[in-house]
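S.K.: Any chance you could fold what I've pasted below:
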Amino acid sequence: MEPSPIKSPLLEALAVVLAWKRVVIAFAAGVLAVTLVFSILAKPVYLARASLLPKQDGDNVMGLTSLVANQFGALAGGLSGITSDADVLISILESEQIRDRVIDRLSLIDALRIKAKTPERARELAHERLMKLVSTDLTRRSSIFLTARAPSAELAASIANAYFEELDRLNQEFAFTSARQTRQFIGQRLAETRDSLTVAQTRLEIFQRQHGMVALDEQAKAEVEVVSKLEAELIGMEAQLEVQRNYSTGAFSGTRHLEQRISALRNRVTELVSGDAPESPTRRTGLLISFARIPGLGRQLADLTLTIKTQQAVFTLLTTQYQQAKIEEARDIPTIQVLDRARPPVTRDSPRRKKNMMAGFAVGLGGGLLIAFGLEYLYRTMARIPGASAEVQGRVGPGFRRLESWLAALRS
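M.R.: The predicted structure follows:
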């Protein structure tokens, strides 16, 4: 009795593939043909990339912090400082306003061949298309990469560059609006201070003519100098707080801290002027005394002198700030730092014919093998029941025999 041959699964699989090789080759060739036609007829897509580094500028837009600090020493915070934060810039890049500007600038409705029944619908479709074509990415080093896809290399580069240029233009518009509002506010306060100073000087002249008092003693002068500086600082801080609340282009984290400093400084000025705080041996023997302890006409002269000196200090500060505000309003400098401008790509991003053909060959070969094993299973199943062929043929008709013949013909 001869031993039965050992069957190897690998050899059996190879035999099945060889038996149905025509099916495998035909299916793989069909998939390759479809892939080739698709790669030829598909519209090309080009990819362009640009990058920028958010401009880190520690100075606030109006530059008022340094001016106030120079005049009265260390006022915290800035006014309406616009910092080029990466997250804020990405939010602006993804905003509808930027897309509107890019669509109008590049006439994208025509460039992308967008058809619609109404201009409003066409613009809406342009927005949707642009959202799909443009993407932004933030690196760990806070660099912003913008990628634009378009049917032509020139259009892809133009879209990427237009986004950054419109971002810079919009930032400058924000800065100009903030600078103009701040200048108008400072100009108004400057006019009010000029009028207050004129009134105070007139009142002092009338008082001196009526009472013949033209000067204070040294101790009162020292008190007036200190309080006038504190009150001028207080007025400057209050003006700064008002600008923050009314003209700031975003949330300002130092507002609460500034309010606390204003409250503490106001209490200190009230204490020196009215003498409400309890006295201590240090205060009684020190250089400064409360205005409440200056007798009679001296107190009135001190109040008038204090008003004039305070208004003079505020007038000097506001004049400097107003000139700086005019400079900032006229300033035209870039608000972003573009690292790499987009260039028209040399090769298209898609369709990639070589990769498509390789993928098509893999899909066609895999699909052909699956079909081959499926047909082999069907062929062997039908071959195991030869006695039932007549019964099956009686039920399904002559189609069963034709199926057997067709499978036999396909199988090598």
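
S.K.: Can I get stretch 146-165 as PDB, trimmed to CA atoms?
M.R.: The C-alpha trace of stretch 146-165 is given here as PDB (Å, rounded to 0.1, in the frame of the first residue of the first chain):
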ATOM      1  CA  LEU A 146      -0.100  77.600   6.700                       C
ATOM      2  CA  THR A 147      -0.700  75.100   3.900                       C
ATOM      3  CA  ALA A 148      -2.700  75.900   0.800                       C
ATOM      4  CA  ARG A 149      -3.900  73.600  -1.900                       C
ATOM      5  CA  ALA A 150      -5.100  74.800  -5.300                       C
ATOM      6  CA  PRO A 151      -5.600  73.500  -8.900                       C
ATOM      7  CA  SER A 152      -2.500  75.500 -10.000                       C
ATOM      8  CA  ALA A 153       0.900  76.100  -8.500                       C
ATOM      9  CA  GLU A 154       0.700  79.900  -8.700                       C
ATOM     10  CA  LEU A 155      -2.800  80.000  -7.100                       C
ATOM     11  CA  ALA A 156      -1.700  77.800  -4.200                       C
ATOM     12  CA  ALA A 157       1.300  80.100  -3.500                       C
ATOM     13  CA  SER A 158      -0.900  83.200  -3.900                       C
ATOM     14  CA  ILE A 159      -3.500  81.900  -1.400                       C
ATOM     15  CA  ALA A 160      -0.800  81.100   1.200                       C
ATOM     16  CA  ASN A 161       0.900  84.500   0.900                       C
ATOM     17  CA  ALA A 162      -2.400  86.400   0.700                       C
ATOM     18  CA  TYR A 163      -3.500  84.900   4.100                       C
ATOM     19  CA  PHE A 164      -0.400  86.300   5.800                       C
ATOM     20  CA  GLU A 165      -0.600  89.700   4.000                       C
END
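
S.K.: How about that stretch, which residues are buried there?
M.R.: 146-150, 153, 155-165 (16 or more other C-beta atoms under 10 Å). Placement of C-beta: from N, CA and C, glycine included.

S.K.: So which of the residues you listed belong to strands?
M.R.: Those of the buried residues of stretch 146-165 mapping onto strands are L146, T147, A148, R149, A150, per DSSP state E.

S.K.: Name the nearest of those residues relative to L241.
M.R.: Using C-beta to C-beta, L146 comes nearest to L241 of these, at 37.6 Å.

S.K.: Compute the distance between that closest one and I109, please.
M.R.: Distance, L146 to I109, by C-beta to C-beta, to the nearest Å: 21 Å.

S.K.: I371 now?
M.R.: Going from I371 to I109 by C-beta to C-beta gives 47 Å.

S.K.: Comparing these two, which residue is more hemmed in?
M.R.: I109 (18 against 15; other C-beta atoms under 10 Å).

S.K.: The more buried one belongs to a strand?
M.R.: No - counting by DSSP: H, G, I helix; E, B strand; the rest coil, I109 falls outside a strand, being helix.

S.K.: and it, what does it touch?
M.R.: Neighbouring residues of I109 by C-beta atoms under 8 Å, 6 or more residues apart in numbering: I103, A122, R123, A126.

S.K.: Format those as JSON lines; extra columns: distance to R169 and pLDDT.
M.R.: Below are the contacts of I109 laid out as JSON lines (distance: C-beta to C-beta, whole Å; pLDDT from 0 to 100):
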{"residue": "I103", "distance to R169": "15", "pLDDT": "93"}
{"residue": "A122", "distance to R169": "24", "pLDDT": "92"}
{"residue": "R123", "distance to R169": "20", "pLDDT": "92"}
{"residue": "A126", "distance to R169": "20", "pLDDT": "92"}
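
S.K.: So which of those residues are in helices?
M.R.: Using DSSP state H, I103, A122, R123, A126 are the members of the contacts of I109 that sit in helices.

S.K.: Show me the two of those that sit farthest apart.
M.R.: I103 and A122 (9.7 Å).

S.K.: Helix or strand next in line after the top helix by length along the chain, which one?
M.R.: The helix that spans the most residues within the chain, counting by DSSP H, is helix 153-211. The first helix or strand that comes after helix 153-211 along the chain, using DSSP states H and E, is helix 218-247.

S.K.: just the strands in this protein please.
M.R.: Using DSSP E, strands in the chain cover 46-54, 134-138, 144-150, 336-340.

S.K.: quick one: contacts of the first one?
M.R.: Where contact means C-beta under 8 Å, 6+ apart, the residues beyond strand 46-54 that reach it are 84-86, 89, 142-153, 155-157, 159-161, 163-164, 336-345, 348-349.

S.K.: any idea how far it is from the chain center?
M.R.: In terms of C-alpha atoms, centre = their mean, to the nearest Å, the gap separating the centre of strand 46-54 from the centre of its chain is 15 Å.

S.K.: mind listing what it pairs with, with the direction of each?
M.R.: Strand 46-54 pairs in its sheet with strand 144-150 (antiparallel), strand 336-340 (antiparallel), by DSSP bridges.
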